[in-house]
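Undergrad: Here's a sequence, model it:
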Amino acid sequence: ECQPAFEVPYYNRGLVRYRLGDFDEAIKDFRKVLELNPQFEDAALSLKQAILDKEEKQKRGY
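TA: Got it, this is the predicted structure:
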């Protein structure tokens, strides 16, 4: 809230949400990071992994 254009807090929150299995919210956070900084490679990789894991979860019916 203090610095809405600073991408690192969004990335960190995305990681926490990802680890908790909240893929939808993690994906939103990683997309926000990339909106603010398209060169943030770790966010791009995390976004791809979150999408893959969400798809796998859906395939298995969780």
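
Undergrad: Show me which residues of the helix or strand encompassing Lys28 are buried.
TA: Lys28 belongs to helix 23-36 when elements are defined using DSSP states H and E. Residues of helix 23-36 classed as buried by neighbour count (16 or more other C-beta atoms under 10 Å): 23, 26-30, 32-34, 36. Where you see a C-beta, it was placed from the backbone N, CA and C, and this is true even at glycine.

Undergrad: elements contacting that helix?
TA: helix 8-19, helix 41-60 (3 or more C-beta pairs under 8 Å, 6 or more residues apart in numbering; DSSP states H and E).

Undergrad: Can you pull out the residues in contact with the longest one?
TA: Taking C-beta atoms under 8 Å, 6 or more residues apart in numbering as the criterion, the residues outside helix 41-60 that touch it are 7, 11, 14-15, 18, 21, 23-24, 26-27, 30-31, 33-34, 37.

Undergrad: Widest-spaced pair of those residues?
TA: Taking C-beta to C-beta as the measure, the contacts of helix 41-60 span a maximum distance of 25.5 Å, between Gly21 and Asn37.

Undergrad: No further questions, thank you.
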